[in-house]
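*Asks:* need a 3D model of the sequence below.
(4 chains)
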Protein chains: 2
Amino acid sequence: MRIGELSERTGTSRRLLRYYEEQGLIISRRRANGYRDYDEPSVDRVIQVRGLLDAGLPTRIIKQILPCLDKPRQIYFPDATSEMLETLEAERDRMTRRAECLLRNRDAITEYLDAVRAYDPAS
Amino acid sequence: MRIGELSERTGTSRRLLRYYEEQGLIISRRRANGYRDYDEPSVDRVIQVRGLLDAGLPTRIIKQILPCLDKPRQIYFPDATSEMLETLEAERDRMTRRAECLLRNRDAITEYLDAVRAYDPAS
DNA sequence: TCGAACCATCACATAGATGTGAAGGTCAAG
DNA sequence: CTTGACCTTCACATCTATGTGATGGTTCGA
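*Replies:* Reported below is the predicted structural model:
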(Lines give C-alpha, C1' and ligand atoms only; values in the text may rest on other atoms or scores of the structure.)
Protein backbone atom coordinates (compact mmCIF):
# COMPACT_ATOMS: atom_id res chain seq x y z
CA MET A 1 0.00 0.00 0.00
CA ARG A 2 1.05 3.60 -0.48
CA ILE A 3 1.73 6.07 2.29
CA GLY A 4 -1.72 7.61 2.14
CA GLU A 5 -3.46 4.37 3.00
CA LEU A 6 -1.03 3.56 5.78
CA SER A 7 -1.57 7.03 7.13
CA GLU A 8 -5.33 6.60 7.24
CA ARG A 9 -5.24 3.10 8.67
CA THR A 10 -2.89 4.08 11.48
CA GLY A 11 -4.10 7.59 12.15
CA THR A 12 -0.58 8.86 11.59
CA SER A 13 0.38 11.77 9.37
CA ARG A 14 2.43 11.08 6.26
CA ARG A 15 5.03 13.40 7.63
CA LEU A 16 5.44 11.21 10.70
CA LEU A 17 5.55 7.99 8.72
CA ARG A 18 8.49 9.40 6.76
CA TYR A 19 10.06 10.52 10.00
CA TYR A 20 9.72 7.06 11.55
CA GLU A 21 11.35 5.60 8.47
CA GLU A 22 14.18 8.10 8.72
CA GLN A 23 14.64 7.00 12.33
CA GLY A 24 14.76 3.36 11.30
CA LEU A 25 11.50 2.38 12.97
CA ILE A 26 9.70 1.24 9.85
CA ILE A 27 10.81 0.28 6.39
CA SER A 28 9.31 0.54 2.94
CA ARG A 29 10.04 -0.66 -0.51
CA ARG A 30 10.02 1.74 -3.40
CA ARG A 31 7.99 1.41 -6.54
CA ALA A 32 9.44 2.19 -9.93
CA ASN A 33 8.17 5.74 -9.68
CA GLY A 34 9.76 6.35 -6.30
CA TYR A 35 6.59 5.98 -4.23
CA ARG A 36 6.91 4.16 -0.90
CA ASP A 37 5.25 0.75 -0.78
CA TYR A 38 4.26 -0.81 2.53
CA ASP A 39 3.29 -4.36 3.34
CA GLU A 40 0.41 -5.36 5.58
CA PRO A 41 2.43 -5.86 8.80
CA SER A 42 3.51 -2.24 8.58
CA VAL A 43 0.12 -1.26 9.95
CA ASP A 44 0.70 -3.06 13.24
CA ARG A 45 4.26 -1.94 13.35
CA VAL A 46 3.29 1.70 13.12
CA ILE A 47 0.63 1.28 15.80
CA GLN A 48 3.20 -0.37 18.04
CA VAL A 49 5.68 2.42 17.50
CA ARG A 50 3.06 5.03 18.28
CA GLY A 51 2.11 3.26 21.47
CA LEU A 52 5.67 3.19 22.66
CA LEU A 53 6.26 6.81 21.74
CA ASP A 54 3.12 7.74 23.60
CA ALA A 55 4.42 5.85 26.61
CA GLY A 56 7.48 8.02 26.71
CA LEU A 57 10.09 5.99 24.88
CA PRO A 58 12.32 7.91 22.49
CA THR A 59 12.78 6.65 18.94
CA ARG A 60 16.35 5.69 19.74
CA ILE A 61 15.18 3.15 22.32
CA ILE A 62 12.22 1.97 20.30
CA LYS A 63 14.59 1.16 17.48
CA GLN A 64 16.58 -1.03 19.85
CA ILE A 65 13.64 -3.00 21.15
CA LEU A 66 11.97 -3.51 17.80
CA PRO A 67 13.94 -6.68 16.98
CA CYS A 68 12.38 -8.23 20.09
CA LEU A 69 8.92 -7.74 18.70
CA ASP A 70 9.18 -9.65 15.46
CA LYS A 71 6.91 -12.64 15.23
CA PRO A 72 7.80 -15.26 14.35
CA ARG A 73 10.88 -14.58 16.38
CA GLN A 74 14.00 -14.24 14.32
CA ILE A 75 16.93 -13.43 16.49
CA TYR A 76 20.09 -12.13 14.95
CA PHE A 77 22.45 -13.58 17.50
CA PRO A 78 25.55 -12.08 15.95
CA ASP A 79 24.05 -8.65 16.61
CA ALA A 80 23.22 -9.48 20.18
CA THR A 81 26.31 -8.16 21.90
CA SER A 82 26.31 -8.41 25.65
CA GLU A 83 26.25 -4.65 25.81
CA MET A 84 23.02 -4.61 23.85
CA LEU A 85 21.55 -7.22 26.13
CA GLU A 86 22.32 -5.07 29.15
CA THR A 87 20.69 -2.10 27.51
CA LEU A 88 17.63 -4.19 26.78
CA GLU A 89 17.43 -5.40 30.36
CA ALA A 90 17.74 -1.89 31.70
CA GLU A 91 15.09 -0.64 29.35
CA ARG A 92 12.78 -3.49 30.23
CA ASP A 93 13.08 -2.61 33.91
CA ARG A 94 12.42 1.00 33.16
CA MET A 95 9.30 0.03 31.28
CA THR A 96 8.15 -1.93 34.30
CA ARG A 97 8.62 1.07 36.52
CA ARG A 98 6.84 3.29 34.07
CA ALA A 99 3.90 0.92 33.88
CA GLU A 100 3.73 0.69 37.66
CA CYS A 101 3.73 4.45 37.94
CA LEU A 102 0.93 4.68 35.41
CA LEU A 103 -1.19 2.03 37.10
CA ARG A 104 -0.65 3.47 40.55
CA ASN A 105 -1.74 6.90 39.47
CA ARG A 106 -4.54 5.54 37.39
CA ASP A 107 -5.91 3.78 40.46
CA ALA A 108 -5.68 7.01 42.39
CA ILE A 109 -7.74 8.71 39.70
CA THR A 110 -10.30 5.95 39.87
CA GLU A 111 -10.54 6.30 43.64
CA TYR A 112 -10.95 10.01 43.26
CA LEU A 113 -13.70 9.61 40.70
CA ASP A 114 -15.46 7.10 42.94
CA ALA A 115 -15.29 9.51 45.85
CA VAL A 116 -16.69 12.34 43.79
CA ARG A 117 -19.51 10.18 42.49
CA ALA A 118 -20.32 8.94 45.98
CA TYR A 119 -20.72 12.55 46.95
CA ASP A 120 -22.78 13.54 43.95
CA PRO A 121 -24.21 10.52 42.12
CA ALA A 122 -25.59 12.81 39.44
CA SER A 123 -22.21 13.26 37.80
CA MET B 1 14.26 22.90 52.73
CA ARG B 2 15.81 25.02 50.02
CA ILE B 3 15.86 24.18 46.34
CA GLY B 4 19.34 22.69 46.44
CA GLU B 5 18.37 19.98 48.89
CA LEU B 6 15.17 19.17 47.04
CA SER B 7 17.20 18.96 43.86
CA GLU B 8 19.62 16.47 45.38
CA ARG B 9 16.98 14.37 47.05
CA THR B 10 14.91 14.04 43.90
CA GLY B 11 17.67 13.94 41.31
CA THR B 12 16.09 16.88 39.55
CA SER B 13 17.90 20.00 38.42
CA ARG B 14 17.04 23.28 40.09
CA ARG B 15 16.08 24.60 36.72
CA LEU B 16 13.44 21.91 36.37
CA LEU B 17 12.08 22.41 39.86
CA ARG B 18 11.49 26.04 39.01
CA TYR B 19 9.93 24.98 35.73
CA TYR B 20 7.56 22.54 37.45
CA GLU B 21 6.53 25.29 39.81
CA GLU B 22 5.89 27.61 36.89
CA GLN B 23 3.70 24.89 35.37
CA GLY B 24 1.77 24.58 38.62
CA LEU B 25 2.98 21.07 39.43
CA ILE B 26 4.64 21.93 42.73
CA ILE B 27 4.41 24.84 45.10
CA SER B 28 6.83 26.54 47.46
CA ARG B 29 6.73 29.12 50.14
CA ARG B 30 9.18 31.98 50.08
CA ARG B 31 11.53 32.95 52.86
CA ALA B 32 12.10 36.55 53.83
CA ASN B 33 15.08 36.69 51.49
CA GLY B 34 13.13 35.38 48.52
CA TYR B 35 14.52 31.83 48.63
CA ARG B 36 12.05 29.04 47.89
CA ASP B 37 11.16 26.86 50.87
CA TYR B 38 9.82 23.35 50.38
CA ASP B 39 8.11 21.05 52.83
CA GLU B 40 8.84 17.36 53.21
CA PRO B 41 5.98 16.07 51.00
CA SER B 42 7.46 18.02 48.11
CA VAL B 43 10.03 15.28 47.73
CA ASP B 44 7.42 12.66 46.93
CA ARG B 45 5.48 15.08 44.84
CA VAL B 46 8.45 15.81 42.63
CA ILE B 47 9.23 12.13 42.25
CA GLN B 48 5.64 11.51 41.27
CA VAL B 49 5.70 14.27 38.71
CA ARG B 50 8.90 12.95 37.20
CA GLY B 51 7.45 9.46 36.96
CA LEU B 52 4.44 10.71 35.09
CA LEU B 53 6.50 12.89 32.79
CA ASP B 54 8.71 9.92 32.06
CA ALA B 55 5.62 7.89 31.26
CA GLY B 56 4.69 10.32 28.55
CA LEU B 57 2.19 12.62 30.24
CA PRO B 58 2.56 16.31 29.46
CA THR B 59 2.64 18.80 32.31
CA ARG B 60 -0.79 20.05 31.32
CA ILE B 61 -2.33 16.66 32.07
CA ILE B 62 -0.24 16.02 35.14
CA LYS B 63 -1.51 19.24 36.60
CA GLN B 64 -5.06 18.02 36.12
CA ILE B 65 -4.57 14.68 37.81
CA LEU B 66 -2.54 15.98 40.73
CA PRO B 67 -5.60 16.76 42.87
CA CYS B 68 -6.42 13.04 42.71
CA LEU B 69 -3.15 12.14 44.31
CA ASP B 70 -3.38 14.04 47.54
CA LYS B 71 -3.46 11.89 50.64
CA PRO B 72 -5.39 12.24 52.78
CA ARG B 73 -7.90 12.82 50.05
CA GLN B 74 -9.25 16.31 49.99
CA ILE B 75 -11.63 16.77 47.14
CA TYR B 76 -12.63 20.19 46.02
CA PHE B 77 -16.06 19.30 44.80
CA PRO B 78 -16.89 22.77 43.57
CA ASP B 79 -13.98 22.48 41.15
CA ALA B 80 -15.11 19.09 39.94
CA THR B 81 -17.12 20.10 36.90
CA SER B 82 -18.53 17.25 34.89
CA GLU B 83 -16.28 18.28 32.05
CA MET B 84 -13.24 17.80 34.27
CA LEU B 85 -14.51 14.41 35.33
CA GLU B 86 -14.80 13.34 31.72
CA THR B 87 -11.28 14.50 31.07
CA LEU B 88 -10.07 12.55 34.06
CA GLU B 89 -11.85 9.42 32.90
CA ALA B 90 -10.42 9.73 29.44
CA GLU B 91 -6.94 10.26 30.80
CA ARG B 92 -7.29 7.34 33.17
CA ASP B 93 -8.20 5.08 30.26
CA ARG B 94 -5.31 6.37 28.25
CA MET B 95 -3.00 5.57 31.13
CA THR B 96 -4.36 2.04 31.19
CA ARG B 97 -3.64 1.65 27.51
CA ARG B 98 -0.18 3.06 27.92
CA ALA B 99 0.58 0.68 30.77
CA GLU B 100 -0.71 -2.26 28.76
CA CYS B 101 1.46 -1.28 25.84
CA LEU B 102 4.49 -1.04 28.10
CA LEU B 103 3.86 -4.39 29.77
CA ARG B 104 3.15 -6.15 26.50
CA ASN B 105 6.37 -4.92 24.98
CA ARG B 106 8.29 -5.52 28.15
CA ASP B 107 7.18 -9.14 28.07
CA ALA B 108 8.32 -9.41 24.49
CA ILE B 109 11.74 -8.14 25.52
CA THR B 110 11.88 -10.68 28.31
CA GLU B 111 11.00 -13.47 25.90
CA TYR B 112 13.66 -12.28 23.53
CA LEU B 113 16.27 -12.18 26.25
CA ASP B 114 15.30 -15.66 27.37
CA ALA B 115 15.64 -16.94 23.83
CA VAL B 116 19.06 -15.40 23.42
CA ARG B 117 20.24 -16.81 26.74
CA ALA B 118 18.92 -20.24 25.86
CA TYR B 119 21.03 -20.05 22.72
CA ASP B 120 24.14 -18.77 24.44
CA PRO B 121 24.02 -19.25 28.23
CA ALA B 122 27.32 -17.38 28.54
CA SER B 123 25.67 -14.02 28.03
C1' DT C 1 35.71 41.65 55.16
C1' DC C 2 36.26 38.57 51.64
C1' DG C 3 35.29 34.36 49.15
C1' DA C 4 32.59 30.28 48.49
C1' DA C 5 28.32 28.45 48.10
C1' DC C 6 23.98 29.20 48.05
C1' DC C 7 19.79 31.62 46.00
C1' DA C 8 17.01 34.70 42.47
C1' DT C 9 15.37 35.98 37.61
C1' DC C 10 15.93 36.15 32.76
C1' DA C 11 17.34 34.95 28.33
C1' DC C 12 19.01 32.07 25.01
C1' DA C 13 20.00 27.34 23.24
C1' DT C 14 18.95 22.47 22.23
C1' DA C 15 16.71 18.08 21.10
C1' DG C 16 12.81 15.38 19.84
C1' DA C 17 8.29 14.88 17.85
C1' DT C 18 5.40 17.12 14.95
C1' DG C 19 3.01 20.62 11.61
C1' DT C 20 3.09 23.15 7.26
C1' DG C 21 4.12 24.60 2.95
C1' DA C 22 6.86 25.00 -1.39
C1' DA C 23 8.35 22.99 -5.76
C1' DG C 24 7.86 19.43 -8.52
C1' DG C 25 6.98 14.31 -10.42
C1' DT C 26 3.15 10.50 -11.47
C1' DC C 27 -1.08 8.79 -12.79
C1' DA C 28 -5.84 8.04 -13.77
C1' DA C 29 -10.16 9.82 -15.16
C1' DG C 30 -12.71 13.10 -17.85
C1' DC D 1 -4.26 16.86 -22.75
C1' DT D 2 -5.53 18.70 -18.70
C1' DT D 3 -6.99 18.47 -13.91
C1' DG D 4 -6.92 16.59 -9.39
C1' DA D 5 -5.18 13.56 -6.21
C1' DC D 6 -1.64 11.27 -5.19
C1' DC D 7 3.51 11.07 -4.33
C1' DT D 8 8.59 12.95 -3.73
C1' DT D 9 12.22 15.91 -1.06
C1' DC D 10 13.45 19.88 1.50
C1' DA D 11 13.17 23.58 4.56
C1' DC D 12 11.30 26.11 8.07
C1' DA D 13 8.19 26.55 12.18
C1' DT D 14 6.38 25.02 16.71
C1' DC D 15 5.90 23.03 21.32
C1' DT D 16 7.72 20.84 25.36
C1' DA D 17 11.11 19.48 28.40
C1' DT D 18 15.48 20.53 29.33
C1' DG D 19 20.48 22.73 29.64
C1' DT D 20 23.43 26.72 30.32
C1' DG D 21 25.02 31.00 31.38
C1' DA D 22 24.70 35.96 32.76
C1' DT D 23 23.89 39.06 36.43
C1' DG D 24 23.12 39.94 40.93
C1' DG D 25 21.49 39.22 45.98
C1' DT D 26 22.26 36.40 50.63
C1' DT D 27 24.66 33.88 54.03
C1' DC D 28 28.28 31.91 56.39
C1' DG D 29 32.77 30.70 57.74
C1' DA D 30 37.98 31.80 57.47
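
*Asks:* how far does the host helix or strand of A:E8 sit from its chain's centre?
*Replies:* Using DSSP states H and E, the secondary-structure element containing A:E8 is helix A:3-10. Shown here is helix A:3-10, whose average C-alpha point lies 16 Å from the average C-alpha point of the whole chain (Cα atoms, centre = their mean, to the nearest Å).

*Asks:* can the least confident helix or strand in chain A by mean pLDDT be found next to DNA strand C?
*Replies:* When the helices and strands of chain A are scored by mean pLDDT, DSSP states H and E, helix A:82-119 comes last with a mean of 93. No - Helix A:82-119 is not in contact with DNA strand C by Cβ under 7 Å from any atom of the strand; minimum separation 13.8 Å. All C-beta spots, glycine's among them, are computed from the backbone N, C-alpha and C.

*Asks:* now do the buried residues in that helix.
*Replies:* Buried residues in helix A:82-119, counting neighbours by 16 or more other Cβ atoms under 10 Å in any protein chain shown, are found at A:85, A:88, A:91-92, A:94-95, A:98-99, A:101-103, A:105-106, A:108-109, A:112-113, A:116.

*Asks:* which strands and helices sit next to it?
*Replies:* Contacting helix A:82-119 under the criterion 3 or more Cβ pairs under 8 Å, 6 or more residues apart in numbering or on different chains; DSSP states H and E are the following elements: helix A:59-65, helix B:41-54, helix B:59-65, helix B:82-119.

*Asks:* neighbours of the residue of chain A found nearest DNA strand D, how many?
*Replies:* Closest approach between chain A and DNA strand D, counting by Cβ to the nearest atom of the strand: A:G4, at 2.7 Å. When counting by other Cβ atoms under 10 Å in any protein chain shown, one arrives at 12 neighbours for A:G4.

*Asks:* tell me how many other residues surround the closest residue to it other than its chain neighbours.
*Replies:* The shortest distance from A:G4 to any residue other than its chain neighbours is 6.9 Å, reached at A:R14 (Cβ to Cβ, 6 or more residues apart in numbering or on different chains). Using other Cβ under 10 Å, A:R14 has 14 other residues around it.

*Asks:* thinking again about what came up before, list the contacts of the helix holding A:E8.
*Replies:* Contact partners of helix A:3-10, identified using Cβ atoms under 8 Å, 6 or more residues apart in numbering or on different chains, comprise A:1, A:12-14, A:17-18, A:28, A:35-36, A:38, A:42-43, A:46-47, A:50.

*Asks:* how about the residue nearest the centre of chain A: what's its closest non-neighbour residue?
*Replies:* Per Cα atoms, centre = their mean, the C-alpha nearest to the average position across chain A is that of A:V49, at 2.6 Å. Across the structure, with Cβ to Cβ, 6+ apart as the measure, the residue nearest A:V49 apart from its sequence neighbours is A:L25 (5.0 Å).
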